[in-house]
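[1] Just a sequence and a predicted model for now, questions to come.
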Amino acid sequence: QGWARGTAFQDVAVLYGRHALDQLETFGVADRLHRCVFSGNVRRGYYRAHERHFRAQGESLGLARDGRKRTLLYAPTWDDAIGSSSFFAAFEAFASAVPAGWRLVAKLHPHAERHAAAIDRIEAAFRGRGVLLVRRCPLTYPLLDLADAYLGDMSSLAYDFLAYGRPMFFTNPTSGTARDAATSRLFACGTVIPPDRYGRMWRIVEEAWDADAERYGEARAALDAYTHAPERDVDVLRKDMAGACAGPAPAWLTADAPRSIDAA
């Protein structure tokens, strides 16, 4: 949240859409915005323009589509201070019960490598059992493309998956605690699985499959539109950003700056 708050203190802020602006208002810093450009989901557009390149990179890691099996992409966030990650509490239950006709691909957050030794042991225990751990890898859209369904907690990958219109499931590791994330907008976009039901995850996925689009399709489309402004032509966006950068810096930014920085 501190990192996100800092967006408002830049000379020019580039935001995906209204969601980011409302977040800055919640943090009490929206009045600090000097120039603001809405970009839409530029990463999604860039991926589409270079899809062949990125898909080849994914396939080199074993991330090719398998027509014989459905792929469940599990994208846990990192083990932060408020307990947002479900990985260490849930993964063994998920990986030990992969049903026939499925494979489990777990895209780990880069910060998860702070626990590299523990993850090494987990990876070794489930190797060759229909489970693939993707580690130290910046790729996102090649994984989202091959996923028949998404499972996550508070990872931002969920916002990118909204546009796919495919089934979404969410673990809620803070369920029943003072930090319960039950009110998350994301959790209105799919079936939520609390910790006491992690062992039934695969059954929950199968049971929710047919009714998923009817239950959550509208909520996913609405949150995607709220998060990402309409996609824009890259050249037009560049012109908008160049125009925003052309004027002088805001007075509050330079008022107390040392002369050397001001001159620079």
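    Okay, I see it. Residues are numbered from 1 along each chain as shown.

[2] Please count neighbours and contacts with C-alpha atoms only from this point.
    Fine.

[3] ok, Thr71 - contacts?
    Contacts of Thr71 were listed using Cα atoms under 8 Å, 6 or more residues apart in numbering, and they are Trp102, Arg103, Leu104, Val105, Leu146, Ala147, Asp148, Ala149.

[4] cutoff 10 Å now
    65, 101-105, 130-131, 143-144, 146-150 (Cα atoms under 10 Å, 6 or more residues apart in numbering).

[5] State whether it is indeed within a helix.
    No. Using DSSP: H, G, I helix; E, B strand; the rest coil, the assignment for Thr71 is strand, not a helix.

[6] Show the model's pLDDT score for Gly152.
    According to the prediction, Gly152 has pLDDT 95.

[7] I figured it hits Ser86, correct?
    Yes. Between Gly152 and Ser86 there is a contact under Cα atoms under 10 Å: 8.2 Å.

[8] Settle it for me: which of the two has more neighbours?
    Neighbour count, other Cα atoms under 10 Å: between Gly152 and Ser86, Gly152 has more, with 27 against 24.

[9] what bridges to the more buried one?
    Bridge pairing for Gly152 (DSSP bridges) gives the partners Ala75, Phe170.

[10] what sits against it?
    Contacts of Gly152 by Cα under 10 Å, 6+ apart are 73-77, 85-87, 106-107, 158, 168-172, 186-187, 192-193.

[11] likewise Gly2?
    Counted by Cα under 10 Å, 6+ apart, Gly2 has contacts Phe27.

[12] same deal with the one 4 residues further on?
    Neighbour list for Gly6: Ala13, Leu24, Phe27, Val29, Arg32 [criterion: Cα under 10 Å, 6+ apart].

[13] Please narrow the contacts of Thr71 to those residing in strands.
    Among those, the ones falling in strands (DSSP state E) are Trp102, Arg103, Leu104, Val105, Val131, Ala149, Tyr150.

[14] show me where the stretch 101-250 of the chain has helices.
    116-126, 141-146, 157-161, 201-208, 212-227, 234-246 (DSSP state H, counting those that start in this stretch).

[15] Any chance of these in TSV with distance to Glu51, mean neighbour count and mean pLDDT as columns?
    Below are those laid out as TSV (distance: least, Cα to Cα, whole Å; neighbours: other Cα atoms under 10 Å; pLDDT from 0 to 100):
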stretch	distance to Glu51	mean neighbour count	mean pLDDT
helix 116-126	29	13	95
helix 141-146	8	20	94
helix 157-161	15	19	96
helix 201-208	29	15	97
helix 212-227	21	17	96
helix 234-246	16	13	79
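
[16] which stretch among the ones you listed comes nearest Arg48?
    Arg48 lies closest to helix 141-146 among the helices of the stretch 101-250 of the chain, at 9.1 Å (Cα to Cα).

[17] name the helices or strands packed onto the closest one?
    Counting contacts by 3 or more Cα pairs under 10 Å, 6 or more residues apart in numbering; DSSP states H and E, helix 141-146 is packed against helix 42-49, helix 51-60, strand 70-75, strand 102-107, helix 157-161.

[18] what angle do the following helix or strand past the third one and strand 102-107 make?
    By that I understand strand 70-75. Following strand 70-75 in sequence order, the next helix or strand is helix 87-95 (DSSP states H and E). For helix 87-95 against strand 102-107, the angle by axes from the mean of the first three to the mean of the last three Cα atoms, to 10 degrees is 160 degrees.

[19] what about helix 87-95, distance to the chain center?
    19 Å (Cα atoms, centre = their mean, to the nearest Å).

[20] Quick one: mean pLDDT for that helix?
    Mean predicted lDDT for helix 87-95 stands at 94.
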